[in-house]
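> build the 3D model from these lines:
(2 chains)
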Amino acid sequence: GENVEQHPSTLSVQEGDSAVIKCTYSDSASNYFPWYKQELGKRPQLIIDIRSNVGEKKDQRIAVTLNKTAKHFSLHITETQPEDSAVYFCAANGFQKLVFGTGTRLLVSP
Amino acid sequence: DAGITQSPRHKVTETGTPVTLRCHQTENHRYMYWYRQDPGHGLRLIHYSYGVKDTDKGEVSDGYSVSRSKTEDFLLTLESATSSQTSVYFCAISESRLAGYNEQFFGPGTRLTVL
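Down below sits the predicted model:
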């Protein structure tokens, strides 16, 4: 079955810097890669996703890139702000389900 | 937020007692999932349902059972709770679309403590 690895587990940046979180997956049949943001005490919420027929997708300050050959995808956050502080999860789809990475705690310091 | 509720939101119970958590949706989505979230482990799938009375195991299903008698309700039961089942439990729903991928929406979570 699918296996997803996520790095780093913790990431600290200064406000205004960029942040990059990387994930690798094992199943070449996976074709959907969402990213979720979870603020403290809240539910995970989808922030961006990418399908396997595109290599990059942007939404304001966030972007996701996908390299199908290498089986890895990344989340890029530019001009980070304190409200970006949260835990971020990547995922890849297996049969009828998503497989999640273990999460990255992003801390943005003012 | 999608129409997903979980009950109870918090529960403290004792080792060996049965516990049932409820997930209720108003979106008429086909797929429903139960996850547990623990520090360092992310979101791990316990069981999921792909239709009424159709369920399957996830990666951490031991000690848990589920039932889905109606589209809108998905129940998670701990037959005999243990301290290792202390966790935050999330329900999620999804409506499968083209190409087999499934965007999931999460409920607010249930914090369960087993003493």
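> next SSE after the helix or strand of chain A with the lowest mean pLDDT?
Ranked by mean pLDDT, DSSP states H and E, the weakest helix or strand in chain A is strand A:97-100, scoring a mean of 91. Note on strand A:97-100: by DSSP states H and E, the next helix or strand toward the C-terminus is strand A:104-109.
> avg pLDDT for that following strand?
Mean per-residue pLDDT for strand A:104-109: 97.
> go on, stretch B:48-65?
Mean pLDDT, stretch B:48-65: 94.
> hey, what's the residue lying closest to B:D38 once chain neighbours are set aside bridged with?
Once flanking residues are discounted, B:D38 sits nearest to B:S87: 5.4 Å by Cβ to Cβ, 6 or more residues apart in numbering or on different chains. Bear in mind the C-beta positions are built from the backbone N, C-alpha and C, glycine included. B:S87 has the following beta-bridge partners by DSSP bridges: B:L112.
> pLDDT value on B:S87, please?
Looking at B:S87, its pLDDT is 97.
> which strand in chain A runs the most residues?
Of all segments of type strand in chain A, defined using DSSP state E, the longest is strand A:86-94.
> residues contacting the longest strand belonging to chain B, please?
For chain B, the strand with the greatest residue count under DSSP E is strand B:42-51. Strand B:42-51 has contacts (Cβ atoms under 8 Å, 6 or more residues apart in numbering or on different chains) with A:6, A:44, A:89, A:96-97, A:99-103, B:30-38, B:55-61, B:64-66, B:68, B:74, B:76, B:89-90.
> any of these buried? List them.
Burial by neighbour count, judged by 16 or more other Cβ atoms under 10 Å in any protein chain shown, picks out A:6, A:44, A:89, A:96-97, A:99-103, B:30-37, B:55, B:58, B:60-61, B:64, B:66, B:68, B:74, B:76, B:89-90 from the contacts of strand B:42-51.
> inside strands: which ones of the residues you listed?
A:6, A:89, A:97, A:99-100, B:31-37, B:55, B:64, B:66, B:68, B:74, B:76, B:89-90.
> who are the contact partners of A:E2?
Taking Cβ under 8 Å, 6+ apart as the contact definition, A:E2 lies against A:25-27, A:30, A:92-94, A:99.
> please repeat the previous calculation with a cut-off of 10 Å.
Applying Cβ atoms under 10 Å, 6 or more residues apart in numbering or on different chains to A:E2 gives the contacts A:25-30, A:91-95, A:97-99.
> now A:K71
Neighbour list for A:K71: A:23-28, A:30, A:92 [criterion: Cβ under 10 Å, 6+ apart].
> among the residues you listed, which are in strands?
Secondary structure from DSSP E places A:23-25, A:92 of the contacts of A:K71 in strands.
> I'd say B:D73 and B:R22 touch.
Yes. Counting by Cβ atoms under 10 Å, B:R22 is a contact partner of B:D73 at 6.5 Å.
> now find how far off-centre the least confident helix or strand of chain A is within its chain.
Centroid separation between strand A:97-100 and its chain, computed with Cα atoms, centre = their mean, to the nearest Å, is 13 Å.
> note down every partner strand of it and its orientation.
Sheet neighbours of strand A:97-100, with direction, are listed as strand A:86-94 (antiparallel) (DSSP bridges).
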